[in-house]
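# next input, structure requested:
(2 chains)
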Amino acid sequence: MNYVDFKSPTQLDEARTLLKELGESASPVAGSTLHVFLKDESPKVAVDILRLGLNGIRLVDGVYHIGATTTVTDMLNHRQHGWVLDRVAEAFVTQPIRNMATMGGSVVRVFPWSDLPVALLALNAELVITGDAERVMSAPEFFATQPFHHLQAGDLLTSVRIPALVEGQGFAYHKERRTTTDFSRCTIAAWLALDDGKIADVRIAVGAAVPMPRRMDAVEDALKGARPGPAAFEKAMQAGIDAPRWKGLHGISDEYARHLASVHIVDVLTKAHEEAKGA
Amino acid sequence: MNMKTITFTLNRKEQSFDIEPDETLIDLLRRTGHTGTKLGCDTGMCGSCAVIVDGRAINACILFAFQANGRTVETIEGVGDFDSPHPLQTAMADAGAVQCGFCTPGIVMTAKALLDEKPDASEEDFKLHLDGNLCRCTGYVKIKEALLSCSSATGGES
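Down below sits the predicted model:
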């Protein structure tokens, strides 16, 4: 990045005013782990948003509120009833990167290897944007396009909300990669809720092997009301596996990306089911 | 270029530096004589540039220097030297865990951040926390042995 100046505001309003005044020449900076991947060489003013007090994880009425500058390490270390993002954080690149990368930076600009957007889609997250007025977007709405397009000058993603897991629910996440520093080949997250032994609700999201992370609606539809088990998971996977346009990355074919997804959809559903059963 | 002054605590001493806005922390450290911190991949993937900022290991090659303003930074120069090495440095040497030595400062800093937070770190803790430190010489067995010997869980002292 071609930073020609930097600002270090300590209040949210101050940061928003700066971002508004600077317009397109402003570049909010938090964990700073992504700039090596950005090719924009136009002169920018860096606005450090790490000092705004936007970090922290709070449980309020069964919903986790995760501040936008909460680091991935903080998500990994957090232990509280119904908290599941530690399972995603553990798969997140390496320890120094986990120490730097933040929730906001990991979701405002989606890369093929992004872990958190896939998990947030499966967990039915809400994303809170603070602008002149606060607005809340659902995860499918937020990730329907590159999310930074939702942000006008002066807008900041300030927190993410996810419902805590409760009894009868399960969540699982899988990232297919060769080494910890390798880019993802395929990422899959599943959340499901049981009622009277049947699947009352289910959400499956996929990333890396598709152009943008997305839900697998046809798989979800095939599972709702079904009795969970290997046969039901396989049948549902077959019903929806060809809905996305699979894209193989980093040396794998599109067909192999589809194959990876087909295997791991069943795997994550099985794991989420085990947890929902209380196993 | 728009030079600005930042101040942070470097190896227990508050210091001020004139920096350029797009200067990375490793460039600042190395041009001011802290050359123990090594520049490897320059993309945050190899860990040879690891330093400790506010108690946590980070990759200095991708952190902008301005982000260190007001914070506490620890480099290998603040950890120990030839005459007075840190137990982690002694353990690495004793275990034969050093060959070319390029990755060693980053490994020591990352391990120190872990042990400062969790003195009884387990083998699993080391595996997780050192997953971003690459060594192309030794393999990892001797490094693991050296680091584990410094955990209070194995009777070590860090």
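
# from here on, contacts and neighbour counts on C-alpha atoms
Fine.

# so, low pLDDT: which residues of the chain?
In the absence of a named chain, chain A is used. Counting by pLDDT under 70, the ranges of chain A that qualify are A:279.

# you looked at the wrong chain, it should be chain B
Looking at chain B by pLDDT under 70, you get B:1, B:158.

# how much distance is there from the longest helix along it to the middle of the chain?
Looking across chain B with DSSP state H, the single longest helix is helix B:104-117. Averaging C-alpha positions (C-alpha atoms, centre = their mean, to the nearest Å) puts helix B:104-117 6 Å from its chain's average.

# now do it: everything it contacts.
Contacts with helix B:104-117, where a contact means C-alpha atoms under 8 Å, 6 or more residues apart in numbering or on different chains, come from A:96, B:36-38, B:47-52, B:55-57, B:75-76, B:88-89, B:98, B:121, B:126, B:129-130, B:133, B:147, B:151, B:158.

# keep only those of those that are in strands.
B:A50, B:V51, B:I52, B:R56, B:A57 (DSSP state E).

# just put those residues in JSON lines and tack on distance to chain A and neighbour count.
Conversion of those to JSON lines gives the following (distance: C-alpha to the nearest C-alpha, whole Å; neighbours: other C-alpha atoms under 10 Å in any protein chain shown):
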{"residue": "B:A50", "distance to chain A": "7", "neighbour count": "32"}
{"residue": "B:V51", "distance to chain A": "9", "neighbour count": "31"}
{"residue": "B:I52", "distance to chain A": "9", "neighbour count": "23"}
{"residue": "B:R56", "distance to chain A": "7", "neighbour count": "23"}
{"residue": "B:A57", "distance to chain A": "5", "neighbour count": "30"}
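
# which two of the residues you listed have the greatest separation?
Greatest spacing in the ones in strands among the contacts of helix B:104-117, by C-alpha to C-alpha: B:A50 and B:R56 (9.6 Å).

# quick check: closest non-adjacent residue to B:C100.
In this structure, B:C100 finds its nearest non-sequential neighbour in B:C137, 7.0 Å apart by C-alpha to C-alpha, 6 or more residues apart in numbering or on different chains.

# please disregard the earlier target; I meant B:G40.
Excluding the flanking residues, the one nearest B:G40 by C-alpha to C-alpha, 6+ apart is B:S48, at 5.9 Å.

# now A:H35
The nearest residue in space to A:H35 (C-alpha to C-alpha, 6+ apart) is A:M1, at 6.2 Å.

# show me what contacts the one you found?
A:H35, A:V36, A:L38, A:K39, A:D40, A:E41, A:S42, A:P43, A:K44, B:D22.

# try it again with 10 Å
Each residue near A:M1 by C-alpha atoms under 10 Å, 6 or more residues apart in numbering or on different chains is listed here: A:27, A:34-46, B:21-23.

# for the closest residue to A:L120 other than its chain neighbours, give me phi and psi.
Counting by C-alpha to C-alpha, 6+ apart, A:A139 is the residue found nearest to A:L120 once chain neighbours are left out, at 6.4 Å. Backbone torsions for A:A139, taken as degrees, to the nearest 10, come to phi -60, psi -40.

# A:A139 against A:L121, yeah?
Yes - look at A:A139 against A:L121 with C-alpha atoms under 10 Å: they come within range, at 5.3 Å.

# which neighbours do those two have in common?
What both A:A139 and A:L121 touch, as defined by C-alpha under 10 Å, 6+ apart, is the set A:I162, A:R214, A:R215.

# can I get these in CSV with neighbour count?
Shown next, in CSV, are the shared contacts of A:A139 and A:L121 (neighbours: other C-alpha atoms under 10 Å in any protein chain shown):
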residue, neighbour count
A:I162, 23
A:R214, 22
A:R215, 22
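
# pick the one among the residues you listed closest to chain B.
A:I162 (25.8 Å; C-alpha to the nearest C-alpha).

# quick check: beta-bridge partners of the closest one?
A:Y64 (DSSP bridges).

# OK, contacts around it?
Listed by C-alpha under 10 Å, 6+ apart, the contact partners of A:I162 are A:59, A:62-66, A:83-85, A:120-127, A:139.

# of these, grab the buried ones for ChimeraX.
The following ChimeraX line selects those of the contacts of A:I162 that are buried, judged by 16 or more other C-alpha atoms under 10 Å in any protein chain shown:
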select /A:59,63,64,65,66,83,84,85,120,121,122,123,124,125,126,127,139
